[in-house]
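**Q** Sharing a model prediction with you, sequence too.
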2 protein chains.
Amino acid sequence: MTARHEEGKEREKRPLTPANEDYLEAILELGGAAGAVRLVDLAARLGVSKASVSGALKNLKQAGFAEQPFYGGITLTGKGAEYASGIFERHQMLYHFLSDVLGVEPTRAADEACRMEHAISDDTLKRLTAYLTENLRPAAIR
Amino acid sequence: MTARHEEGKEREKRPLTPANEDYLEAILELGGAAGAVRLVDLAARLGVSKASVSGALKNLKQAGFAEQPFYGGITLTGKGAEYASGIFERHQMLYHFLSDVLGVEPTRAADEACRMEHAISDDTLKRLTAYLTENLRPAAIR
DNA sequence: GCAAAATGTTAGGCTTGCCTTACTTTTACT
DNA sequence: AGTAAAAGTAAGGCAAGCCTAACATTTTGC
């Protein structure tokens, strides 16, 4: 969308929009890597309408990240689970950094982690994880 | 826009959209706190069309962040300069962390800092700054 | 001082994401 | 089995941001 952040070269493309990444992440969180989730629960979790979930799900299914064999049975494909785990991990690491290291208030930390998790690359995630593991080990890695 | 990140309570509202924040930041970077900037240069800097800048500028002027007394003379108001500085500082600190602390490659670090700078609160900025200043002082604070 | 080049603005469109309202389909309970 | 509740889909809208093309204005450079 945004032209100013031109993905000119091969700047580690993201196949999914931030919103879609959120949906994927929520499926993982509600159902685990294999469990089935209901559309209605996703809507409640994300605070959006059923219609929004339905629409987003269409993309995820087409792109091969999710499946829905019958009424209510939304699951992740292998590819989807892997992708979702990546997002989830970004969230955890950012939350950990904000909350445990910087001391940001939990609610705020969660909120900000949610918005940053779509911005960092695999490379940065790896480095952040290493940094947090090596340099500081407060609380536990969650 | 997004409902899922409900700004329900008083969750430190941001008066400007991320895009508008980018415009403001670019005005600061091109012209300094007081210097005048041309629309065309903003467009080039941000990689968008003149029309997009013109449109965004209308908001910024109406909201009292920018002024344009004559052809090409785009400047920041006091309020605008302050706001822009805040965004700029977020960018600097995030870049510093990514690049100097985590060792992320400069181009990538700049890119990711750009996208995270709209997500962090004043409080987090303060904490991040303190953390970087106290715990690590690699290279210089830039 | 006047035409050409540079600059800025308007109008009209497209995409993404989200919402509401009104269906349809499935499940669940008696 | 048959109806009420729950779940899912479709249609129509809205706002943010961006684009192009056409138009208006201002500088510039003979």
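**A** Done, it's in.
**Q** what about A:K13, which SS state?
**A** Under DSSP: H, G, I helix; E, B strand; the rest coil, A:K13 falls in the coil class.
**Q** actually A:V40, not the one I wrote
**A** helix.
**Q** contacting residues for the closest residue to it other than its chain neighbours?
**A** If the residues on either side of it in the chain are set aside, A:V40 comes closest to A:K50, at 6.2 Å by CB to CB, 6 or more residues apart in numbering or on different chains. The C-beta positions use only the backbone N, C-alpha and C, and glycine is treated the same way. By CB atoms under 8 Å, 6 or more residues apart in numbering or on different chains, the contact set of A:K50 is A:39-40, A:43.
**Q** how does it look with 10 Å?
**A** When contacts are counted by CB atoms under 10 Å, 6 or more residues apart in numbering or on different chains, A:K50 touches A:39-40, A:42-44.
**Q** Please identify which of those residues is nearest to B:V101.
**A** Lowest distance from B:V101 to the contacts of A:K50 (CB to CB) belongs to A:L42, with 36.3 Å.
**Q** Taking chain A, what residue is nearest to DNA strand C?
**A** Distance from DNA strand C to each residue of chain A (CB to the nearest atom of the strand) is smallest for A:T17, at 2.3 Å.
**Q** Put together JSON lines for the contacts of A:K50, with pLDDT on each row.
**A** Listed next are the contacts of A:K50 as JSON lines, based on pLDDT from 0 to 100:
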{"residue": "A:L39", "pLDDT": "91"}
{"residue": "A:V40", "pLDDT": "90"}
{"residue": "A:L42", "pLDDT": "92"}
{"residue": "A:A43", "pLDDT": "92"}
{"residue": "A:A44", "pLDDT": "91"}
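**Q** Dihedrals phi and psi, the residue of chain A closest to DNA strand C?
**A** Dihedral pair for A:T17: phi -70, psi 160, per degrees, to the nearest 10.
**Q** Equivalent analysis for A:T77, please.
**A** Per-residue torsions, A:T77: phi -80, psi 180 (degrees, to the nearest 10).
**Q** Around it, how many other residues sit close by?
**A** A:T77 has 15 neighbouring residues, counting by other CB atoms under 10 Å in any protein chain shown.
**Q** cool, A:L30 as well?
**A** By the criterion of other CB under 10 Å, A:L30 has 17 neighbours.
**Q** Contacts only, for the closest residue in space to it that isn't next to it in sequence.
**A** Residue nearest to A:L30 in three dimensions, not counting chain neighbours: A:V37, with 4.7 Å by CB to CB, 6+ apart. Applying CB under 10 Å, 6+ apart to A:V37 gives the contacts A:26-31, A:45, A:66, A:68, A:72-76.
**Q** Buried residues, the helix or strand containing A:A130. List them.
**A** Per DSSP states H and E, A:A130 falls inside helix A:122-135. Neighbour counts using 16 or more other CB atoms under 10 Å in any protein chain shown place A:124-125, A:127-129, A:131-132 of helix A:122-135 among the buried residues.
**Q** And that helix, how far out from the chain middle?
**A** Taking CA atoms, centre = their mean, to the nearest Å, one finds the center of helix A:122-135 at 17 Å from the center of the full chain.
**Q** where's the residue nearest to A:L30 relative to A:N20, distance?
**A** If you measure A:V37 against A:N20 using CB to CB, to the nearest Å, the figure is 15 Å.
**Q** Same question for A:S85.
**A** Counting by CB to CB, the gap from A:S85 to A:N20 is 15 Å.
**Q** Any residue of stretch A:54-74 touching chain B?
**A** No - in terms of CB under 10 Å from any CB of the partner chain, no part of stretch A:54-74 sits within range of chain B; the closest distance is 11.0 Å.
**Q** That stretch close to DNA strand C?
**A** Yes - counting by CB under 7 Å from any atom of the strand, DNA strand C has neighbours in stretch A:54-74: A:55-56, A:59, A:70-72.
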